[in-house]
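[1] predicted model, plus sequence, below.
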Amino acid sequence: MSLVESRNPRTVFEPLGIRVARYDPDAMQVVMDVDHRHHQHLGMLHGGVSALLAESAASLAAAMSVDLRTHIIAGVDLNATHLRPKRGGTLRATARPLYRGRTTHVYGIDITDERDEVVCVARCTIAIRPLAREGPPGSSDS
């Protein structure tokens, strides 16, 4: 968890006010208070922000499920269905594992508001890959 936490201040979380509410690989939660930074041109929550919340929750859950000293994770697919507009309030994205394989994880994400109404549902696929190993200095694989 400390490796994940140490990286958050230097990410998109800071300027958008996204916070981790629960570190749990079985139900990772991120929260965000909706304000003007998250609006599209009509003054409502931008769908891309919901997608960002969904993939962030799934990526953090995957990061807690693997050893980040030996593996890297990357979102490879995201599908989001926007169900309700929001102008303000608090959103909570909860990612739950649907499948955890050796090289692929799939998460279902529900984004709910302060009244527990569903704002967006999403599914995110995360690739799990080993970090490239470097050979001795001066060696080359080519």
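    That came in fine, so what should we check first?
[2] tell me the secondary structure at D24.
    Secondary structure state of D24, per DSSP: H, G, I helix; E, B strand; the rest coil, is coil.
[3] now do the contacts for it.
    Residues in contact with D24 (CB atoms under 8 Å, 6 or more residues apart in numbering) are A61, M64. Every C-beta, even on glycine, is put in place using the N, C-alpha and C of the backbone.
[4] how close does it sit to T94?
    If you measure D24 against T94 using CB to CB, to the nearest Å, the figure is 9 Å.
[5] wait, G43 sits on R87?
    Yes - counting by CB atoms under 8 Å, G43 does reach R87; the two are 6.1 Å apart.
[6] looking at those two now, which is surrounded by more residues?
    R87 (13 against 10; other CB atoms under 10 Å).
[7] next one: the more buried one from C124, what distance?
    Note on R87: its distance to C124, by CB to CB, is 25 Å.
[8] buried ones in the longest helix seen in the chain?
    Taking DSSP state H as the criterion, the chain has its longest helix at helix 47-65. Neighbour-count burial for helix 47-65 flags 49-65 (criterion: 16 or more other CB atoms under 10 Å).
[9] chain center to it: distance?
    1 Å (CA atoms, centre = their mean, to the nearest Å).
[10] got it, and stretch 123-131?
    The answer for stretch 123-131 is 12 Å, by CA atoms, centre = their mean.
[11] can I get the CA coordinates of that stretch in CSV?
    Output in CSV follows, covering the C-alpha atoms of stretch 123-131 (Å, rounded to 0.1, in the frame of the first residue of the first chain):
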residue,chain,number,x,y,z
ARG,A,123,-16.1,-2.3,-16.5
CYS,A,124,-12.3,-2.0,-16.7
THR,A,125,-9.7,-4.6,-17.9
ILE,A,126,-6.2,-4.3,-16.4
ALA,A,127,-3.1,-5.9,-17.9
ILE,A,128,-0.6,-7.4,-15.5
ARG,A,129,2.9,-7.7,-16.9
PRO,A,130,6.3,-8.4,-15.3
LEU,A,131,8.8,-5.6,-15.3
